[in-house]
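Visitor: Build the 3D model from these lines:
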Amino acid sequence: MTLTTRVKLSTMMFLEFFIWGAWFVTMGTYLTKTLAATDVQNGNAYATQSWGAIIAPFIIGLIADRFFSAQKVLGILHLTGAALLYYITTVPNFEGFFPLILAYMIIYMPTLALVNSVSFKQMTNPSKEFPPIRILGTLGWIIAGLTIGWLGWEQSNSLVLTFKMAAIASLVLGLLSFTLPSTPPAKKGQKTTIGDIMGLDSLGLLKNKSYLVFFIASVAICVPLAFYYNFTNPFLNEIGVKAAAGIQSMGQVSELAFMALMPLFFVRLGVKKMLAVGMFAWALRYIFFAYGDTGANYWMIIGGIVMHGICYDFFFVTGQIYTDNLAGERFKSAAQGFITLATYGVGMLIGSYISGPIVENWKTSATTHNWQTIWLIPAGISAVVLLVFIIFFKDKNQIQNKSGLNINEPDAQVEI
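Guide: Okay, the predicted model is just below:
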């Protein structure tokens, strides 16, 4: 890969996640403070991410993989997204906001796969070349949060500017996309079925009882996960945390740190314990939020945010590796697509629709909530999922991941 190509791909990845982080983290605060939205409406707005994740495979499978070069589709989607993000800043109420953010998420979510496709096409050794480029995406998310915190947009009620900032970045990425190396459609001329698009070929994995337990746990743990994404920023701003978006970016820093340490944990813990620690971290994080404050227990707030690295890496990244090893060469892509659709699609969708009414129910005034009770609910859900997982998930064999590390794996590789 040439230096020019590496710089372009790194910039692409930085902007891709800068755009998302620029508005997604603080959207709940923007909706409640600026558009006077209810907590139920806030949950509905965040559910658009899940609808986007559910629809995204169809856009990729039916359009990008068959007819047009990935970099051109990426450019068109981001230019369209830039227009939608800017237009969102002109609507005065939630009724006008919701259809626009739904349309935007349906456009944006497919780009997450497209930036990976464009990157991998240019690489001869993705396992070594991709991580340094992908890390720029996490850095983009962090810089977006730090910028919002540094400029004080949450305190000055100027969060409409986050959408304008994201619109500008989306415009830049849209234009940049047309200069990226050519990535022609991978399945041009091939017949694609709905089952192929949704990864249904990997359903045979569910015959493995332990994988079925993991799959159900993955969907279930995404219900409390939605509470974190949807309501952490409104919570932090309500209790008086300064530069909340910037503070939340510590979670992504933690994610990077624990990602680097994961090989060491794999050797000592194996898959079951890694997954269990991840779920336990979700429960503990919400307990920290329930009893944390801006006074003596401020360390709990920070601790809950920093635990994001354990929550995400230990469960989701471990789960991806486990799925990859269990599926076998033929069904790797289908299995990853299926688990992503189930978690970020179905699981997060359920969580978004549940979290809104729960937060709304525990409102104590027009602008305050009983956050202790609210956070103990996802903590309880996480604890139940953890308990069921520990009881029914069984380790039987050892497999090796691509790094050569032994990973506990239930049952042998499944024939599909």
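Visitor: worst-scoring helix or strand of this protein, pLDDT-wise?
Guide: Each helix and strand of the chain was given a mean pLDDT (mean pLDDT, DSSP states H and E); the minimum falls on strand 397-400 at a mean of 43.
Visitor: Give the residue spans of the chain that score low on pLDDT.
Guide: Counting by pLDDT under 70, the chain contains low-confidence residues at 59-67, 127, 185-203, 324, 327-336, 395-416.
Visitor: center of it, which residue is that?
Guide: Against the mean C-alpha coordinate of the chain, by CA atoms, centre = their mean, the closest residue is residue 344 at 7.0 Å.
Visitor: show me the contacts for it.
Guide: Residue 344 sits next to 49-50, 53, 222 when contact means CB atoms under 8 Å, 6 or more residues apart in numbering. (C-beta placed from N, C-alpha, C; glycine too.)
Visitor: helix, strand or coil for residue 156?
Guide: coil (DSSP: H, G, I helix; E, B strand; the rest coil).
Visitor: hmm, who's touching the helix or strand where residue 74 lies?
Guide: Secondary structure assignment for residue 74, by DSSP states H and E: helix 70-88. Applying CB under 8 Å, 6+ apart, the external contacts of helix 70-88 come out as 19, 23, 63-64, 97, 100-101, 103-104, 107-108, 110-111, 114-115, 117-118, 121, 163-164, 166-168, 170-171, 173-178, 180-185.
Visitor: So which of those sit within strands?
Guide: With strands defined by DSSP state E, no entry of the contacts of helix 70-88 lies inside them.
Visitor: for residue 102, what are its contacts?
Guide: So, once contact is read as CB under 8 Å, 6+ apart, residue 102 ends up touching 48, 51.
Visitor: swap that for residue 345, please
Guide: With contact taken as CB under 8 Å, 6+ apart, residue 345 is in contact with 50, 53-54.
Visitor: Looking at those residues, which is nearest residue 321?
Guide: residue 53 (20.4 Å; CB to CB).
Visitor: That closest one touches residue 348, doesn't it?
Guide: Yes. Assessed by CB atoms under 8 Å, residue 53 is found in contact with residue 348 at 7.4 Å.
Visitor: List the buried residues of the helix holding residue 74.
Guide: Neighbour-count burial for helix 70-88 flags 70-75, 77-82, 84-86, 88 (criterion: 16 or more other CB atoms under 10 Å).
Visitor: Equivalent analysis for stretch 172-189, please.
Guide: Along stretch 172-189, these residues count as buried under the neighbour rule (16+ other CB under 10 Å): 172-174, 176-177, 180-181, 183, 185.
Visitor: how far out from the middle of the chain is that stretch?
Guide: Relative to its chain's centre, stretch 172-189 lies at 23 Å (CA atoms, centre = their mean, to the nearest Å).
Visitor: before we move on, what about stretch 162-171?
Guide: 19 Å.
Visitor: quick one: contacts for residue 367?
Guide: Neighbour list for residue 367: residue 238 [criterion: CB under 8 Å, 6+ apart].
Visitor: So that it lines up with my notes, have the first residue be 792 from now on.
Guide: Got it, first residue is 792 now, which makes that one residue 1158.
Visitor: What values do phi and psi take at it?
Guide: Listed backbone geometry of residue 1158 is phi -130, psi 0, with angles given as degrees, to the nearest 10.
Visitor: ok, now residue 1155?
Guide: Taking degrees, to the nearest 10 as the convention, residue 1155 sits at phi -100, psi -20.
Visitor: looking at it, residue 1137 is touching residue 841, isn't it?
Guide: Yes. Taking CB under 8 Å as the contact criterion, residue 1137 and residue 841 are neighbours in contact, 7.4 Å apart.
Visitor: Between the two, which has more neighbouring residues?
Guide: Using other CB atoms under 10 Å as the criterion, residue 1137 and residue 841 rank with residue 841 on top: 25 against 16.
Visitor: out of everything not next to it in sequence, what's closest to the more buried one?
Guide: Among residues not flanking residue 841 along the chain, residue 1140 sits closest, at 3.6 Å (CB to CB, 6 or more residues apart in numbering).
Visitor: Just the element for that neighbour, please.
Guide: Taking DSSP H and E as the definition, one finds residue 1140 inside helix 1139-1152.
Visitor: That helix packs against which elements?
Guide: In this structure, helix 1139-1152 makes packing contacts with helix 830-850, helix 1000-1030, helix 1162-1183, judged by 3 or more CB pairs under 8 Å, 6 or more residues apart in numbering; DSSP states H and E.
Visitor: if we go to 6 Å?
Guide: Other elements packing on helix 1139-1152 under the criterion 3 or more CB pairs under 6 Å, 6 or more residues apart in numbering; DSSP states H and E are helix 830-850, helix 1000-1030.
Visitor: Adding distance to residue 1148, write the ones you listed out as CSV.
Guide: Below are those laid out as CSV (distance: least, CB to CB, whole Å):
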stretch, distance to residue 1148
helix 830-850, 6
helix 1000-1030, 12
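Visitor: what about stretch 819-835, how long is it end to end?
Guide: 10 Å (CA to CA, to the nearest Å).
Visitor: Give me the distance from the host helix or strand of residue 1070 to the chain's centre.
Guide: The secondary structure element spanning residue 1070 is helix 1041-1082 (assigned by DSSP H and E). Between the mean C-alpha location of helix 1041-1082 and the chain-wide mean there is a distance of 16 Å, by CA atoms, centre = their mean.
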